[in-house]
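Colleague: what follows is a protein structure lacking sequence information:
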């Protein structure tokens, strides 16, 4: 690295996305850059552990804890896809966009960064960076979510289309989703107008305006597709959260089964109890990590299952034979990197997409979240007994580890700032 830059990261607490995005900050700090992170109070300790400077959101949503009562999205309450979609727009993408823009604009004026790096949900922060004529990147810690030829519609849980009929169906579905997002385009364009920016033709054009869209997954894990020029696969970040606690493997020689559901609340305590009951019928050692959104007392466990608030999954997976998970991207990447096959029980969001890719590569099986304990036990037994699943996880895991070991992420971010002196700098009075 020849130049030291100042980066402003505008981040939203997305649960499993946090260790990945904070990992980007940590890597920039390690290269000698000055890094400031606009984030929620829930992320302060993790930002500081990364060596970056924490700046709290003031106008934008800022939850004090990761407990369900402080969650501004509450997507588990939605009873239909339409209700979930409207909640997503109002609480994540559009509703707080002006507030994200205002906070980012103030931070830009005060700290004069060379570049801005945004969470995918922080459209207002992207608008503020664009209005300040600063280069900006968008971090995407899962599969590429924008409509793209070759990829199934995001969060659909569909496999890659292999026939003209299937590809046509995917295009129709993507067009319908785009139309639904575009209904909020006037509100987003109003935020842009307040920053002297021209209107967008489509909602997702705000993300496409980024100098770089960095996809933090393994190319080998995603389905093949021709992505736009500004989209780059930069490999997964496998860092454990800063809040994990020390862990020692339990005594015994029975296979270790890690049970890891979402680090945000998704009513997963019901599924956790079903899984724990299933493990109680098997000759295994179970380890359940509840995460910061659940109290471990909500799960009643038999003698062969230990329930803890947290544990370093990377270390646990060195000993595990199988993982039972909701299919969050970060957990899936760590399991694959360790060569551990999975039983995936998607709860929502992008988790079906991840589970479909796991199953398609022979690295595990998909089970409905409402499955009975007998069905879960059968799935765990199947993955434990059939070595093909471990072989599939190991094969894909080699590619995941290889892509995670590159410095593509930090090199891409270092390419982001323009040559010194060419970026437009704002004075506090502008």
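Modeller: Thanks, I have it. Fair warning: this is a prediction, and the values are worked out from it, not measured in the lab.
Colleague: can you list the domains in the protein?
Modeller: Under the assignment automatic domain parsing, the domains of the chain span 6-235+406-415, 256-404.
Colleague: in the helix or strand of the chain with the lowest mean pLDDT, which residues are buried?
Modeller: Every helix and strand of the chain was ranked by mean pLDDT, DSSP states H and E. The lowest is helix 81-88, at a mean of 80. Residues of helix 81-88 classed as buried: 84, 87-88 (neighbour count, 16 or more other C-beta atoms under 10 Å). For glycine as for every other residue, the C-beta is placed from the backbone atoms N, C-alpha and C.
Colleague: nearest to residue 159 among the residues you listed?
Modeller: Lowest distance from residue 159 to the buried residues of helix 81-88 (C-beta to C-beta) belongs to residue 84, with 22.2 Å.
Colleague: against residue 273, how distant is the closest one?
Modeller: Residue 84 is 24 Å from residue 273, where distance means C-beta to C-beta, to the nearest Å.
Colleague: for residue 14, same thing?
Modeller: 25 Å.
Colleague: the more surrounded of those two?
Modeller: Neighbours were counted for residue 14 and for residue 273 using other C-beta atoms under 10 Å; residue 14 has more, 20 against 16.
Colleague: surely the more buried one touches residue 139?
Modeller: No. Contact criterion C-beta atoms under 8 Å: residue 14 and residue 139 do not qualify, at 10.1 Å.
Colleague: overlap of the contact sets of these two?
Modeller: Among the neighbours of residue 14, those also in contact with residue 139 (C-beta atoms under 8 Å, 6 or more residues apart in numbering) are residue 119.
Colleague: how far does the least confident helix or strand of the chain sit from the chain's center?
Modeller: 19 Å (C-alpha atoms, centre = their mean, to the nearest Å).
Colleague: stretch 293-312 now?
Modeller: For stretch 293-312, the distance to the chain centre is 23 Å (C-alpha atoms, centre = their mean).
Colleague: so where's the protein uncertain?
Modeller: 1-2, 418-430 (pLDDT under 70).
Colleague: and the strands in it?
Modeller: 6-10, 34-39, 53-56, 115-119, 136-140, 212-215, 231-233, 256-260, 285-289, 305-308, 320-325, 342-344, 364-366 (DSSP state E).
Colleague: neighbouring contacts of the second one?
Modeller: Applying C-beta under 8 Å, 6+ apart, the external contacts of strand 34-39 come out as 4-13, 22, 25, 28-29, 43, 47, 50-57, 103-104, 107, 111, 113, 125.
Colleague: 7 Å - rerun?
Modeller: Residues from elsewhere that reach strand 34-39 (C-beta atoms under 7 Å, 6 or more residues apart in numbering): 4, 6-11, 25, 28-29, 47, 52-55, 57, 103-104, 107, 111, 113.
Colleague: which among the residues you listed count as buried?
Modeller: 7-11, 25, 28-29, 47, 52-55, 57, 103-104, 107, 113.
Colleague: for residue 304, give its distance to residue 271.
Modeller: 19 Å.
Colleague: wait, residue 71
Modeller: Distance of residue 71 to residue 271, given as C-beta to C-beta: 18 Å.
Colleague: who's more crowded, the two?
Modeller: residue 271 (23 against 20).
Colleague: if we can go back for a sec, so which of the domains of the chain is the most packed in?
Modeller: Highest mean neighbour count among those (mean count of other C-beta atoms under 10 Å): domain 256-404, with a mean of 21.
Colleague: what about it, how long is it end to end?
Modeller: 25 Å (C-alpha to C-alpha, to the nearest Å).
Colleague: next one: stretch 87-101
Modeller: So stretch 87-101: terminal residues 20 Å apart, C-alpha to C-alpha.
Colleague: who's in contact with it?
Modeller: Counting by C-beta under 7 Å, 6+ apart, residues outside stretch 87-101 touching it are 10, 59-61, 72-73, 75, 78, 121-125, 127-128, 184, 187-188, 191, 195.
Colleague: which residue, other than its chain neighbours, is closest to residue 225?
Modeller: In this structure, residue 225 finds its nearest non-sequential neighbour in residue 150, 3.1 Å apart by C-beta to C-beta, 6 or more residues apart in numbering.
Colleague: got the contact list for the one you found?
Modeller: 223-226.
Colleague: nearest to residue 318 among those residues?
Modeller: Distances from residue 318 to those, taken by C-beta to C-beta, are shortest for residue 223, at 29.0 Å.
Colleague: so for the closest one, what's the nearest residue that isn't a sequence neighbour?
Modeller: That would be residue 160: by C-beta to C-beta, 6+ apart, it lies 4.3 Å from residue 223.
Colleague: so the one you found touches residue 153, yeah?
Modeller: No. Counting by C-beta atoms under 7 Å, residue 160 does not reach residue 153; the two are 11.5 Å apart.
Colleague: show me the contacts for residue 206.
Modeller: Here residue 206 is in contact with 123, 126-127, 188, 200 (C-beta under 7 Å, 6+ apart).
Colleague: just put the residues you listed in a markdown table and tack on distance to residue 171.
Modeller: Formatted as a markdown table, the contacts of residue 206 follow (distance: C-beta to C-beta, whole Å):
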| residue | distance to residue 171 |
| --- | --- |
| 123 | 25 |
| 126 | 26 |
| 127 | 29 |
| 188 | 24 |
| 200 | 21 |
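Colleague: just the ones in helices from the residues you listed, please.
Modeller: Mapping the contacts of residue 206 onto helices (DSSP state H) picks out 123, 126-127, 188.
Colleague: tell me the contacts of residue 11?
Modeller: Residue 11 neighbours (C-beta under 7 Å, 6+ apart): 21, 37-39, 43, 119.
Colleague: closest to residue 248 out of these?
Modeller: The closest of the contacts of residue 11, once distances to residue 248 are taken by C-beta to C-beta, is residue 43, at 28.0 Å.
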